[in-house]
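Novice: A structural model of the following input is requested.
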Amino acid sequence: QVQLVESGGGLVQPGGSRGLSCSASGTIFVILNMAWYRQAPGKQRELVAIITREGPSKYSDDVKGRFTISRDNARNTIHLQMNNLIPEDTAVYYCNADVISNQTMTSSAYWGQGTQVTVSS
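Specialist: Residues are numbered from 1 along each chain as shown. Prediction:
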């Protein structure tokens, strides 16, 4: 099995910054795409940013220019740096990874438990 553990959530004032981290562990042969999603109350889960193993990334229009996703393949971790936060960024943020298992050599998608980010004064 594969576990994803997020950290870094909390309360942030509007205009502030916050960094989220996600670490993957378990029966990992290789991790392909990694991503951050978020889900606000009453809304569907949406993609925030995605990064390939080689490094290219994409962002939702809502966060483009404010958020930066990065990864460390050696440590199986990703980081989301969030700047100029606004109240609309308030949500539970989830880490997602496409992992090829070292036991089955097949790919599966895994999710972290989520971390709450609240942007409020």
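Novice: C-alpha from now on. contacts and neighbour counts both.
Specialist: Fine.
Novice: most centrally placed residue in this protein?
Specialist: Closest to where the C-alpha atoms of the chain average out (C-alpha atoms, centre = their mean) is Trp36, at 2.7 Å.
Novice: What is the burial count for the closest residue in space to that one that isn't next to it in sequence?
Specialist: In space, and not counting its chain neighbours, Trp36 is closest to Cys95: 4.8 Å by C-alpha to C-alpha, 6 or more residues apart in numbering. By other C-alpha atoms under 10 Å, the residues close to Cys95 number 30.
Novice: One more: Leu20?
Specialist: Neighbours of Leu20 (other C-alpha under 10 Å): 21.
Novice: Contact partners for Ser120?
Specialist: 11-14, 86-87 (C-alpha atoms under 8 Å, 6 or more residues apart in numbering).
Novice: again, 7 Å this time
Specialist: 12-14, 87 (C-alpha atoms under 7 Å, 6 or more residues apart in numbering).
Novice: Which pLDDT value goes with the closest residue in space to it that isn't next to it in sequence?
Specialist: Excluding its sequence neighbours, the residue lying closest to Ser120 (C-alpha to C-alpha, 6+ apart) is Gln13, at 5.1 Å. On pLDDT, Gln13 comes in at 98.
Novice: What of Gly55?
Specialist: On the pLDDT scale, Gly55 is placed at 88.
Novice: hmm, back to that, kindly reformat the contacts of Ser120 as a markdown table and extend each row with neighbour count, secondary structure and distance to Thr52.
Specialist: What follows is these, written out as a markdown table (neighbours: other C-alpha atoms under 10 Å; DSSP: H, G, I helix; E, B strand; the rest coil; distance: C-alpha to C-alpha, whole Å):
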| residue | neighbour count | secondary structure | distance to Thr52 |
| --- | --- | --- | --- |
| Val12 | 18 | strand | 28 |
| Gln13 | 15 | coil | 31 |
| Pro14 | 17 | coil | 30 |
| Pro87 | 15 | helix | 29 |
